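>>> compute the structure for the input listed below.
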Amino acid sequence: MVNLQAQYQRFQPEMNAAFARVCQSGAYIKGSEVADFERELANKLNVKHVIGVANGTDALQIALMAIDLSPGDEVLIPAFAYAALPEVVLLLGLKPVFVDVSELDFLINPDLIIAKITPKTKVIAPVHLFGLTANMDLLGEIAERHGLYILEDAAQSMGSLYCGERRFGSSGTLGHIGTTSFFPSKNLGCYGDGGAIFTNDDDLAAKARMIANHGQKQKYYHEVIGVNSRLDSLQAAILRVKLPHLDDFIARRREIALVYNEALGKLPQIKVPEIHFERSTHAFHQYTLIIRDGKRDDLAAYLLENGIPSMIYYPLPLHQQKAYITNEKLPVSEQLCRDVISLPICPELTKEQQLIIIKNIKSFYIS
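As a prediction, this is how the structure comes out:
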């Protein structure tokens with residue numbers, strides 16, 4: 001779904017220079033590359049603190065630890081999302097409470113949150129799925145009214161800009177604390193694992209940075225229980241090469257999405273994603289269709305037979321996963337898991353390749 005080889009070839013001279021710079025320095029852990037990347041990303045996102053960590057899941061765990069919750073406290077989570085968030089919630093002795101999403105944008109439905117709030121609720125954790133930022137105006141209003149924290153999972157929305165009536169800024173920087181992943185397939189990806197935490201809160205930043213470093217500010221003096229989670233210098237150097245090109249990456253993804261929409265939007269069996277939202281730009285980490293006729297799996301098999309990759313994010317909602325199962329019904333999330341399919345949308349996708357994908361989808365329905 002992502003052509004990492006072509007991307008490397010595009011930036012090969014800069015990448016090789018970055019590798020050499022780190023190797024010559026000998027500073028593979030906590031080197032200047034990490035500090036420089038944190039500063040450059042903070043400037044890009046207009047956020048006060050960026051804390052590099054080992055991966056996106058660690059970022060979520062450390063962010064929750066920095067909020068200083070108690071066992072049994074509840075975290076509101078969308079049911080249509082990846083498992084990393086409920087995973088760390090449960091590992092920390094907290095309780096995930098699943099909320100259904102909206103079919104329009106695949107994101108947590110603010111209208112359904114109030115009914116889920118109890119005296120134990122402490123955090124709303126929107127996942128900005130597929131590249132679009134959730135309705136942070138409404139989520140912020142709910143959080144303020146009920147004294148809740150907002151933890152943003154921005155692993156898929158790097159580069160999305162939120163333009164609400166009350167809040168404005170980069171995805172991941174609009175709540176109390178935000179996180180992202182630099183997994184290689186992400187819009188801003190490294191060549192291994194990596195992640196980061198964002199916040200404008202000095203106290204949360206200091207605590208998160210300390211937790212990520214074995215709970216210590218000063219070496220060998222451990223103030224809190226921490227973890228070992230570091231963004232290494234090689235990954236930071238790679239990310240520094242890619243960061244100035246992030247806007248171009250996203251612009252190319254939007255171009256691809258627009259071509260898909262124009263070509264596939266008239267097929268009655270398919271609901272294409274919205275390109276423009278008043279409140280948020282779309283970074284199109286994924287281009288995801290809703291297949292209306294119940295033939296999603298048949299379409300995926302047909303594309304694979306013709307050499308075209310596709311992915312199903314996600315085949316089972318979180319509240320029906322064996323590890324997190326509940327008895328509740330969340331109909332939109334359940335239906336989306338039966339109907340969605342994602343098509344290739346990386347910046348390196350050529351026009352010729354995209355036309356072949358479109359031709360095969362039309363052939364599946366028209367033949």
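>>> just the pLDDT at the nearest residue to Val47 once chain neighbours are set aside, thanks.
The shortest distance from Val47 to any non-neighbouring residue, by CB to CB, 6 or more residues apart in numbering, is to Thr173 (4.2 Å). Yep, even glycine has a C-beta here, placed from its N, CA and C like the rest. In this model, Thr173 is scored at 98, pLDDT.
>>> now do the strands in the protein.
Using DSSP state E, the strands of the chain run over residues 49-53, 74-78, 95-99, 121-124, 149-153, 161-163, 168-170, 177-181, 195-199, 216-218, 221-222, 270-271, 287-291, 340-343.
>>> now the ones you listed in CSV, please, with extra columns for distance to Arg252, mean pLDDT and mean neighbour count.
Supplementary listing: the strands of the chain in CSV, determined by distance: least, CB to CB, whole Å; pLDDT from 0 to 100; neighbours: other CB atoms under 10 Å:
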stretch, distance to Arg252, mean pLDDT, mean neighbour count
strand 49-53, 25, 98, 26
strand 74-78, 28, 98, 25
strand 95-99, 33, 98, 22
strand 121-124, 32, 98, 23
strand 149-153, 24, 98, 25
strand 161-163, 17, 96, 18
strand 168-170, 19, 97, 17
strand 177-181, 20, 98, 29
strand 195-199, 23, 98, 28
strand 216-218, 42, 94, 12
strand 221-222, 46, 97, 11
strand 270-271, 22, 97, 18
strand 287-291, 12, 98, 22
strand 340-343, 15, 98, 21
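>>> mind listing the helices for the stretch 51-200 of the chain?
Under the criterion DSSP state H, counting those that start in this stretch, the stretch 51-200 of the chain contains helices at 56-67, 84-91, 136-146.
>>> these into a markdown table, with extra columns for distance to Pro331?
Supplementary listing: those in a markdown table, determined by distance: least, CB to CB, whole Å:
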| stretch | distance to Pro331 |
| --- | --- |
| helix 56-67 | 27 |
| helix 84-91 | 19 |
| helix 136-146 | 21 |
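>>> most tightly packed of these?
Ranked by mean neighbour count under mean count of other CB atoms under 10 Å, the helices of the stretch 51-200 of the chain are led by helix 56-67, which reaches a mean of 26.
>>> domain-wise, how is this structure divided?
4-99+106-244, 245-366 (automatic domain parsing).
>>> hey, which of those is tucked in deepest?
Mean neighbour count (mean count of other CB under 10 Å) peaks for domain 4-99+106-244 among the domains of the chain, with a mean of 20.
>>> quote the end-to-end distance of that domain.
End-to-end span of domain 4-99+106-244 (CA to CA, to the nearest Å): 17 Å.
>>> separation between Gly265 and Glu274?
11 Å (CB to CB, to the nearest Å).
>>> any idea of the pLDDT on the residue nearest to Asp137 when sequence neighbours are not counted?
Spatial nearest neighbour of Asp137, excluding adjacent residues (CB to CB, 6+ apart): Gly164 at 4.0 Å. Note for Gly164: predicted pLDDT of 92.
>>> ok, Gly164 - contacts?
Contact analysis of Gly164 by CB atoms under 8 Å, 6 or more residues apart in numbering lists Asn135, Met136, Asp137, Arg279.
>>> wait, the first one sits on Pro110?
Think Asn135. Yes. Between Asn135 and Pro110 there is a contact under CB atoms under 8 Å: 5.4 Å.
>>> Gln5 and Gln12, how far apart?
From Gln5 to Gln12 the distance is 10 Å (CB to CB).
>>> my bad, Leu69
For Leu69 relative to Gln12 (CB to CB), the value is 45 Å.
>>> then Ile358?
Going from Ile358 to Gln12 by CB to CB gives 30 Å.
>>> re earlier: the residue nearest to Val47 and Asp201 touch, don't they?
No. Contact criterion CB under 8 Å: Thr173 and Asp201 do not qualify, at 11.1 Å.
>>> wait, Ala134 touches Phe106, no?
No. The pair Ala134 / Phe106 is not scored as a contact, 9.6 Å apart, by CB under 8 Å.
>>> quick one: residues contacting the residue nearest to Val47.
Per CB under 8 Å, 6+ apart, neighbours of Thr173: Leu45, Asn46, Val47, Glu152, Phe198, Asn200.
>>> over to Tyr162?
Tyr162 touches Thr133, Met136, Phe168, Gly169, Ser170, Ser171, Leu174, Arg279, Ser280, counting by CB under 8 Å, 6+ apart.
>>> got it, and Ile250?
Ile250 neighbours (CB under 8 Å, 6+ apart): Gly159, Asn187, Ala283, Phe284.
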